[in-house]
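Student: Quick check, what structure comes out for this input:
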Amino acid sequence: MIKSKGLLSLVWIVSVVAVIGCTAVVVLTSRDIDKSVRRGFDQSHSNIYKLFILSLSISDLLVGVYTIFICIKAIEMEGSYSSMDMEWRASTTCSILGALFVIGSEQSVLTMVLITMYRLQAVMRPFSTPNIKRAIIAIAISWMVSIMFGFIPLFPFAEDYFLNSISFDDIKIFKTKVNQTDRKRLINWLRLMDNGSVQYDVDTSTEWGKLRGLISQINPSIPIRPLHEFGFYSTHTVCLPTLFPHQEDKSCMYSFALLLINFMAFLFMLVSYIALYRNRNTERRLPTNWLTHPPDKQRSESLSLFRPS
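Tutor: Here you go, the predicted structure:
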């Protein structure tokens, strides 16, 4: 899984430090929020930032948990991974770890976008009143979006889009591994077997479900079940999502949406912090008497010199 022992040791160190650090931040921030709630939780920027920090630390904690589990599995399968590769990548554990990584990483990005938005508002509109309810709603929506992106590929109704291939054991009439390209041809071939004399009672909502049902009725006395199913998180040995699938894969648009959201978030934060930096430099270049004599007041005073007394 992770061949280099040096890399595995480094991942272990980073993962443990991340989990301990994020857990400490979650605990301390939760205590501060609890104290603020008991005092009334006033509408202040500091309280809003505490909520953002809590959300960010939880999302980073999820990524740390993911990397620790990957390290544990790497140690368990050391020296025998080649014989367990297909079983591991097709396992439920690998899929859940992949979903956990997507949830944590996407929520981290979305939380940083929210922090940037509120920082922009605080700088560009310094006299605006912060709204803590909007912040809570924004954080809740971001978590819902992250969870949706992580778990949609695991739902049964979406398997036609995210299930890449299925392998069967001891089937001699066709190759044991069937991908999305072969699926439709195989379904049509099975339906034409025996010149249509065999009636297949298949009532499923997905193409993969139809294939399973048709294969199971080739010989009802010998049930044939899929041996391994490779989905959205089965491409990599460390259960990462398939961000760059083949063009013919139906999950291509989903992967493109994930990449686009992250790229747009990066552009937004880049432009926003450039604007904040320029605004700060502009304030530094203002004359020292600007605060006591704003431009409008200085202009009115200079014009008064030309008015008749």
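Student: Could you look up the SS state of Glu229?
Tutor: strand (DSSP: H, G, I helix; E, B strand; the rest coil).
Student: my guess is it contacts Ser91, does it?
Tutor: No: Glu229 is not in contact with Ser91 according to C-beta atoms under 8 Å; the separation is 9.7 Å. (C-beta placed from N, C-alpha, C; glycine too.)
Student: What ranges does the stretch 1-150 of the chain have for its helices?
Tutor: In chain order, the stretch 1-150 of the chain shows helices spanning 5-38, 45-76, 81-89, 92-124, 132-151, with DSSP state H, counting those that start in this stretch as the criterion.
Student: Rounded mean pLDDT for the third one, please.
Tutor: When the per-residue pLDDT values of helix 81-89 are averaged, the result is 83.
Student: In it, which residues are buried?
Tutor: For helix 81-89, burial by neighbour count (16 or more other C-beta atoms under 10 Å) applies to 81, 88-89.
Student: Following the strand or helix carrying Glu159 in sequence, what is the next regular element?
Tutor: Assigned by DSSP states H and E, Glu159 belongs to helix 159-162. With elements assigned by DSSP H and E, the helix or strand that comes after helix 159-162 is strand 165-168.
Student: ok, residues contacting stretch 232-239?
Tutor: 1-2, 70, 81, 85, 88-90, 94-95, 97-99, 101, 153-154, 162, 164, 240-242, 245, 251, 254 (C-beta atoms under 8 Å, 6 or more residues apart in numbering).
Student: and this structure, what are its domains?
Tutor: Residue ranges for the structural domains of the chain, counted by automatic domain parsing, are given in the record as 5-155+242-269, 165-230.
Student: Mind putting those domains into a markdown table with distance to Arg280?
Tutor: Below are the domains of the chain laid out as a markdown table (distance: least, C-beta to C-beta, whole Å):
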| stretch | distance to Arg280 |
| --- | --- |
| domain 5-155+242-269 | 8 |
| domain 165-230 | 51 |
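Student: Where among the ones you listed is average confidence lowest?
Tutor: Taking each of these in turn, the one with the lowest mean pLDDT is domain 165-230, at a mean of 60.
Student: For Met269, find the nearest of the helices of the stretch 1-150 of the chain.
Tutor: Closest of the helices of the stretch 1-150 of the chain to Met269 is helix 92-124, at 5.0 Å (criterion: C-beta to C-beta).
Student: Kindly calculate the angle that the closest one makes with helix 81-89.
Tutor: Computed by axes from the mean of the first three to the mean of the last three C-alpha atoms, to 10 degrees, the angle separating helix 92-124 from helix 81-89 equals 60 degrees.
Student: separation between Arg31 and His45?
Tutor: From Arg31 over to His45 the distance is 19 Å, taken as C-beta to C-beta, to the nearest Å.
Student: I should have written Val37 there, sorry.
Tutor: 17 Å.
Student: Is it correct that Leu163 is in contact with Phe230?
Tutor: Yes: counting by C-beta under 8 Å, Leu163 sits close enough to Phe230 to count as a contact (7.3 Å).
Student: quick one: which of these two has more around it?
Tutor: Between Leu163 and Phe230, counting by other C-beta atoms under 10 Å, Leu163 is the more crowded of the two (24 against 21).
Student: So which of Val37 and His45 has more stuff around it?
Tutor: For Val37 versus His45, neighbours defined as other C-beta under 10 Å are more numerous around His45 (15 against 10).
Student: For that one, give me its contacts.
Tutor: Applying C-beta under 8 Å, 6+ apart, we find His45 in contact with 118, 122, 130.
Student: and if you look at Gln121?
Tutor: By C-beta under 8 Å, 6+ apart, the contact list for Gln121 reads 128, 130.
Student: counting contacts, what elements does the helix holding Glu159 pack onto?
Tutor: In this structure, helix 159-162 makes packing contacts with helix 207-216, judged by 3 or more C-beta pairs under 8 Å, 6 or more residues apart in numbering; DSSP states H and E.
Student: one step back: please dump the helices of the stretch 1-150 of the chain into CSV; it should also carry distance to Ala265 for every row.
Tutor: As requested, the helices of the stretch 1-150 of the chain are exported to CSV (distance: least, C-beta to C-beta, whole Å):
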stretch, distance to Ala265
helix 5-38, 20
helix 45-76, 13
helix 81-89, 29
helix 92-124, 5
helix 132-151, 11
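Student: Nearest to Leu276, out of those?
Tutor: It's helix 92-124; of the helices of the stretch 1-150 of the chain, that one is closest to Leu276 (C-beta to C-beta) at 5.8 Å.
Student: Can you mark which positions in the closest one are buried?
Tutor: Neighbour counts over helix 92-124 (16+ other C-beta under 10 Å) mark 94-116, 118-120 as buried.
Student: Against Ala122, how distant is Asp32?
Tutor: Between Asp32 and Ala122 the distance, using C-beta to C-beta, works out to 19 Å.
Student: actually Glu87, not the one I wrote
Tutor: Between Glu87 and Ala122 the distance is 52 Å, computed by C-beta to C-beta.
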